[in-house]
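fold the following.
(2 chains)
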There are 2 protein chains.
Amino acid sequence: MTEFIPVGTRYVDLPSPFAMKRGGELRGARIAYETWGELNAARDNAVLIVTGLSPDAHAAANDANPEAGWWEPMVGPGKPIDSDRWFVICVNSLGSCKGSTGPASIDPATGDLYRLSFPDLSVEDGANAAAHVVRSLGIERLACVIGNSMGGMTALALLRAHPGIARAHINISGAARALPFSIAIRSLQREAIRLDPEWNHGNYTDEHYPESGMRMARKLGVITYRSALEWDGRFGRVRLESDRPDEEPFGLEFQVESYLEGHARRFVRRYDPNCYLYLSRSMDWFDLGEYAGGDVMAGLAAIRVEKALAIGVHTDILFPLQQQQEIADGLRAGGADAHFLPLESPQGHDAFLVDIARFGPAVRDFLDSL
Amino acid sequence: MTEFIPVGTRYVDLPSPFAMKRGGELRGARIAYETWGELNAARDNAVLIVTGLSPDAHAAANDANPEAGWWEPMVGPGKPIDSDRWFVICVNSLGSCKGSTGPASIDPATGDLYRLSFPDLSVEDGANAAAHVVRSLGIERLACVIGNSMGGMTALALLRAHPGIARAHINISGAARALPFSIAIRSLQREAIRLDPEWNHGNYTDEHYPESGMRMARKLGVITYRSALEWDGRFGRVRLESDRPDEEPFGLEFQVESYLEGHARRFVRRYDPNCYLYLSRSMDWFDLGEYAGGDVMAGLAAIRVEKALAIGVHTDILFPLQQQQEIADGLRAGGADAHFLPLESPQGHDAFLVDIARFGPAVRDFLDSL
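Take a look at the predicted model:
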């Protein structure tokens, strides 16, 4: 998978051993990151981005890599996360296969890939690893931590375990805990991979690879990342244009099926199945209420941050709007100047990646106010 | 699969040959049905129920079979669909494996199972077969046709192709056409079955059976039949109670996962995979607009029915509320006294099976008004 790590990615070594929340430890582990802009003399203009499950650290073009990144319209000079003002850092999650250490990395103790011998991974481990990157860059306190999707969980875990690490926080389509609908979806995605005989308890190779399982998992992901509303307008009942219809029995016929197929095809060999399983499960486990006797609001209220914005989208079925409302309410109960911003994006959970017309101004205005 | 056909099921032979909408024909085909109550002398008190994908014709206990049926609280003496007043008929869909002829039936031309040699199945074929059952029972005109889910499509197809076959219509969580979100879900369910090597292009046996594919398809079905709202209250983040945790890597941990597993286990060997594929695809193909130059509203307005009620549920993500609104609006445009009734059920698409407190009175009041 090393061929899919963006050029120009930089690394921070984690302390060795690096203790994991649910037991076990990593040795010689590292975190991939990229940056935009310059850290000022006061070292108080740093903005950290923590990501969803699949992105790498290359959020946008920079000097080290001019290729467009996954959040290109949002990060850079003059953009909503303005690198003329902010020193922007994006970290690749611990447990990913995009540069940071994960199940697809080599275990220095054996010389073989970790695979399923990688210790249980929690969102909190990713947060602690991100905190280490921040400290290693000589930053005492971030101006803001921005977390999208799973990164919204990571950001909350970071703020909880490292009080004072950030003055402000933007939580985008995130959640303070996983709820059963999204647990069910992710469980089914993992089952699709596990049921693929080629998964082979994690011991697949390039030749024997759980292609079908990954395809199913990704398609189910894409279905839950977007929305019925968007697809009604975008695809309707349009058939595939083809002189040669799919000859497979029950093969593809509608544009929406081909759209899913395209997404799946681009993903299955570009993301490591075991890393997918570990990160997916880490989201199911996440529950800020765990630190407050099961009370998620109390867990949020225990977080110390000056200012916060929780943004959600009414068409998001995976991290529904009430979860961002909960984050804003909980942080406010803890004393933060916290706001909830529901957006009318039709694009569902993925709206922050595509509906820049709505997300851009929201993020820019909040950062301008700091 | 014959062991899963309820005792007391009765049959009507279809005309032989029975021509199918997309080409091909069936010989010696039959439709399974059950009845409740008595047809009156005027033969004007018949109510037909057409079902979703999976139910059999045994909607409720009757003289022939005292076992509870799939819509037990709704059908019977004194119940909302009151067999003291109505002669109630429930048909098992053409293409199903619950008694009616389908891909799991024997093709009389070969003596072998049809499997994938069964002709393309459309919702319209199921409607024509149901119309034949009605006529065979000596009924010129139904008092009402009630269709749930896929049956809502079947009912509309029946009314369109057989003008005057029913005075009134109740459409429950149905649709006048498939839209891309539900097409995507069903396409993925079919793909799960097709990708299972044991499916073997439809040539599975009891020993080599696409168990994994059917399990995936059913779990995804159950996820889309219910709602996040219901599950938040019902399961929350409760773990499985077990002294022995699931030893499988990434095995079950939350109650919601075990709930899905139970549903899947009960289904996979009780529904024929090829029948599932045929009926699932028939829904994707269905579009009343096809008969009106692509205009679904015009397709609905061309239907002649005196009185209609379209009921939907705001938590239904598979057949969303706007689709029942569309049905009511379209039928009204065609001159029907048509009403739209949105219900606040938390149970999603399946609410009509479980939220009898809301659905019972709605159906009873409408039938009382006839």
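
how close does the residue in the stretch 51-200 of chain A that chain B sits nearest to get to residue A:191?
Chain B sits closest to residue A:181 of the stretch 51-200 of chain A, with a gap of 3.5 Å, by CB to the nearest CB. For every residue, glycine as well, the C-beta is placed using N, CA and C. Residue A:181 sits 16 Å away from residue A:191 when distances are taken as CB to CB, to the nearest Å.

also residue A:172?
Counting by CB to CB, the gap from residue A:172 to residue A:191 is 28 Å.

please, where are all the helices along chain A?
Ranges of helices within chain A are A:123-136, A:150-161, A:180-195, A:211-225, A:228-234, A:255-268, A:273-285, A:296-301, A:321-333, A:351-354, A:356-368, based on DSSP state H.

out of the ones you listed, deepest packed?
Most buried of those by mean neighbour count (mean count of other CB atoms under 10 Å in any protein chain shown) is helix A:150-161; its value is a mean of 28.

can I see the domain layout of chain A?
Using automatic domain parsing, the domains assigned to chain A come out as A:2-179+A:287-368, A:183-277.

mean pLDDT lowest for which of the ones you listed?
Lowest mean pLDDT within those: domain A:183-277, at a mean of 93.

just give me the neighbour total for the residue nearest to residue A:360 when sequence neighbours are not counted.
The spatial neighbour of residue A:360 that comes closest, neighbours along the chain excluded (CB to CB, 6 or more residues apart in numbering or on different chains), is residue A:80 at 4.4 Å. A total of 20 residues lie near residue A:80 under the criterion other CB atoms under 10 Å in any protein chain shown.

same check, this time on the one 10 residues further on
Residues near residue A:90, counting by other CB under 10 Å, number 30.

may I have the beta-bridge partners of it?
Taking DSSP bridges as the rule, residue A:90 bridges to residue A:34, residue A:49.

ok, it - contacts?
Going by CB atoms under 8 Å, 6 or more residues apart in numbering or on different chains, residue A:90 touches A:33-35, A:48-51, A:57-59, A:75.

now these: which count as buried?
Among the contacts of residue A:90, those classed as buried by neighbour count (16 or more other CB atoms under 10 Å in any protein chain shown) are A:33-35, A:48-51, A:57-59, A:75.

residue ranges for the strands of the stretch 1-150 of chain A, please.
For the stretch 1-150 of chain A, the strands defined by DSSP state E, counting those that start in this stretch occupy A:10-13, A:18-19, A:25-26, A:30-36, A:46-50, A:75-76, A:81-82, A:87-91, A:142-148.

I'd like those as JSON lines, with distance to residue B:162 appended.
Shown next, in JSON lines, are those (distance: least, CB to CB, whole Å):
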{"stretch": "strand A:10-13", "distance to residue B:162": "70"}
{"stretch": "strand A:18-19", "distance to residue B:162": "70"}
{"stretch": "strand A:25-26", "distance to residue B:162": "69"}
{"stretch": "strand A:30-36", "distance to residue B:162": "65"}
{"stretch": "strand A:46-50", "distance to residue B:162": "59"}
{"stretch": "strand A:75-76", "distance to residue B:162": "60"}
{"stretch": "strand A:81-82", "distance to residue B:162": "61"}
{"stretch": "strand A:87-91", "distance to residue B:162": "62"}
{"stretch": "strand A:142-148", "distance to residue B:162": "53"}
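
skipping adjacent residues, who's closest to the most centrally placed residue in chain A in space?
Nearest residue to the geometric centre of chain A (CA atoms, centre = their mean): residue A:52, 1.0 Å. The shortest distance from residue A:52 to any non-neighbouring residue, by CB to CB, 6+ apart, is to residue A:149 (3.6 Å).

tell me, how many residues neighbour that neighbour?
27.

hmm, residue A:348 and it touching each other?
No - counting by CB atoms under 8 Å, residue A:149 stays clear of residue A:348, with 11.3 Å between them.

spit out the contact partners of the residue lying closest to residue A:224 once chain neighbours are set aside.
Computed as CB to CB, 6+ apart, the closest residue to residue A:224 that is not its neighbour in sequence is residue A:318, at 4.7 Å. Shown in contact with residue A:318 (CB under 8 Å, 6+ apart): A:181-182, A:185, A:224-225, A:348-349.

ok, of these, which one's closest to residue A:234?
residue A:348 (11.8 Å; CB to CB).

tell me the contacts of that closest one?
Residue A:348 is in contact with A:224-227, A:230, A:313, A:315-318, counting by CB under 8 Å, 6+ apart.

contacts only, for residue A:222.
When contacts are counted by CB under 8 Å, 6+ apart, residue A:222 touches A:259-260, A:263-264.

do the same with residue A:221
residue A:189.

please redo it, this time with the cut-off set to 10 Å
By CB atoms under 10 Å, 6 or more residues apart in numbering or on different chains, the residues touching residue A:221 are A:53-54, A:185-186, A:189, A:260, A:263-264, A:267, A:276, A:280, A:318, A:349-350.
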